[in-house]
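J.: Build the 3D model from these lines:
(one chain, ligands or ions: 1)
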Amino acid sequence: SKGNHRHFMLKEIYEQPIVVAQTLRAYVRGFEGQVSLPTEDFDLSSVRRVTIVACGTSFYAGMVAKYWFEQFARVPVDIDVASEFRYREPVMEEGGLALFISQSGETADTLAALRHARANGQKIAVVVNVPTSTMAREADLLLATHAGPEIGVASTKAFTCQLAVLATFAANLARAKGRLSADEERNIVRHLSEAPAALNGALAYDEAIEAMAPMIAKARDVLYLGRGPDYPLALEGALKLKEISYIHAEGYAAGEMKHGPIALIDENVPVIVLAPSGPLFEKTVSNMQEVQARGGQVVLISDYDGVEQAGEGCIATITMPKVHPLIAPLVYAIPVQLLAYHVAVAKGTDVDQPRNLAKSVTVE
Ligand code: M6R
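T.: Okay, here's the model as predicted:
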């Protein structure tokens, strides 16, 4: 049931601190400061390349994971949307690990890609939310997210739980490859353990986000910008908005604006900038200022320091808890989900059952 929430989507957004904690409990030994995944039967030390395949929101979780796999484990990662994967005749060498991410575990494109990878000798790992699903059954390594049933067509809690699993898997792979010291592993575990409280902190801005929704609801187009591991969050924010509010939205890597999309900017296009303070902050802010100089209406989502430093001249700011860059993609998922939700409610669309969409897409 929706409990006391108006929609399943809102209920599921609010469940995130709990289900992310639940998911982390399955893959982390907090006291020892170690990740622990059911990879005993797997020779992860011999993995030379990871191929990630998924669709939609699950694909964006995979994009974030690519940063982590490469950063921690120094293993090269390919990533494709499932509907493109087979047709580009991907090179699959021995020692390859193919990783499929899916809430439902039934998405036809992803399943077809999984079977294609298996036929090409890849080891198959899956991150799925439905443990009885077809993908779960066909995997060599099953990493379940423990988000519980997700009813809203717009994926929310499955996404943050996928990120939690993928971060622990990246650390696990890094350890197996001899790339992670015990200290580094302990730090990763510590940062991840801070995620549930930070997600709660982010939810506290629900009302502030609701208050700005009518302004965004009037827009015809909305842009989302992010950098590094927060770039996929910009894509996710745009997908969420399109999907449930039917407003045209695009996500861009912040630095890519000047290569074309900046021509779209005028005072009618809200630009949502995701910029947690950290090593990429200055660069993102300078991209944001290029937008402002052309009359762009910027909504800055950052932490207290970031808003202090760069909030001037923005039409609105949303202050997130200050977190380690590792968990920023989880925390910044909350404001983009809430923004899409409140804009959709302001527009009066069917939030849980948007037009033309199904929860699980079982045709290719
Ligand atoms: O069940 P899956 O994770 O495989 O589904 C993939 C996409 O269809 C899904 O994420 C879709 O993009 C969502 N409706 C996004 O909110």
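
J.: gap between the helix or strand containing residue 52 and the chain center?
T.: Using DSSP states H and E, residue 52 maps to strand 49-54. Chain-centre distance of strand 49-54: 15 Å, with C-alpha atoms, centre = their mean, to the nearest Å.

J.: what does it rub up against?
T.: With contacts defined as C-beta atoms under 8 Å, 6 or more residues apart in numbering, strand 49-54 is touched by 61-62, 65-66, 69, 75-82, 85, 90, 92-93, 95-102, 110, 113-114, 117, 122, 173. Glycine gets a C-beta too; all of them are placed from N, C-alpha and C.

J.: Equivalent analysis for stretch 295-315, please.
T.: For stretch 295-315, the external contacting residues (C-beta under 8 Å, 6+ apart) are 212, 215-216, 265-277, 281, 285, 288, 291-292, 316-323, 332, 335-336.

J.: buried ones in it?
T.: Within stretch 295-315, the residues scored as buried using 16 or more other C-beta atoms under 10 Å are 296-303, 306-307, 310-311, 314.

J.: Only C-alpha atoms, please: export that stretch in PDB.
T.: What follows is stretch 295-315 as a C-alpha-only set of coordinates in PDB (Å, rounded to 0.1, in the frame of the first residue of the first chain):
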ATOM      1  CA  GLY A 295      20.400  34.600 -19.400                       C
ATOM      2  CA  GLY A 296      20.000  30.900 -18.300                       C
ATOM      3  CA  GLN A 297      17.900  30.400 -15.200                       C
ATOM      4  CA  VAL A 298      20.000  28.200 -12.900                       C
ATOM      5  CA  VAL A 299      18.800  26.000 -10.100                       C
ATOM      6  CA  LEU A 300      22.000  25.000  -8.200                       C
ATOM      7  CA  ILE A 301      21.900  21.800  -6.200                       C
ATOM      8  CA  SER A 302      25.000  21.600  -4.000                       C
ATOM      9  CA  ASP A 303      26.000  21.400  -0.400                       C
ATOM     10  CA  TYR A 304      26.200  24.300   2.000                       C
ATOM     11  CA  ASP A 305      29.800  25.300   0.900                       C
ATOM     12  CA  GLY A 306      28.900  25.100  -2.700                       C
ATOM     13  CA  VAL A 307      25.800  27.200  -2.400                       C
ATOM     14  CA  GLU A 308      27.700  29.700  -0.300                       C
ATOM     15  CA  GLN A 309      30.300  30.000  -3.000                       C
ATOM     16  CA  ALA A 310      28.300  29.900  -6.200                       C
ATOM     17  CA  GLY A 311      24.600  30.300  -5.300                       C
ATOM     18  CA  GLU A 312      24.500  34.000  -6.200                       C
ATOM     19  CA  GLY A 313      22.600  34.700  -9.400                       C
ATOM     20  CA  CYS A 314      20.800  31.400  -9.300                       C
ATOM     21  CA  ILE A 315      17.000  31.500  -9.400                       C
END
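
J.: Mean confidence (pLDDT) on it, please.
T.: Across stretch 295-315, pLDDT averages out at 96.

J.: Which residue is the nearest non-sequential neighbour of residue 281?
T.: Nearest residue to residue 281, sequence neighbours excluded (C-beta to C-beta, 6 or more residues apart in numbering): residue 275, at 5.7 Å.

J.: ok, the one you found touching residue 288?
T.: Yes: judged on C-beta atoms under 8 Å, residue 275 makes contact with residue 288 at a distance of 7.0 Å.

J.: Show me which of the two is the more surrounded one.
T.: residue 275 (28 against 23; other C-beta atoms under 10 Å).

J.: Identify the spatial nearest neighbour of the residue nearest the centre of the chain, chain neighbours not counted.
T.: Closest to where the C-alpha atoms of the chain average out (C-alpha atoms, centre = their mean) is residue 61, at 4.0 Å. Excluding its sequence neighbours, the residue lying closest to residue 61 (C-beta to C-beta, 6+ apart) is residue 162, at 4.0 Å.

J.: Common neighbours of residue 275 and residue 288, please.
T.: The overlap between the contact sets of residue 275 and residue 288 (C-beta under 8 Å, 6+ apart) consists of 254, 300, 310.

J.: Going by distance to the ligand, which of those residues wins?
T.: residue 254 (22.5 Å; C-beta to the nearest ligand atom).
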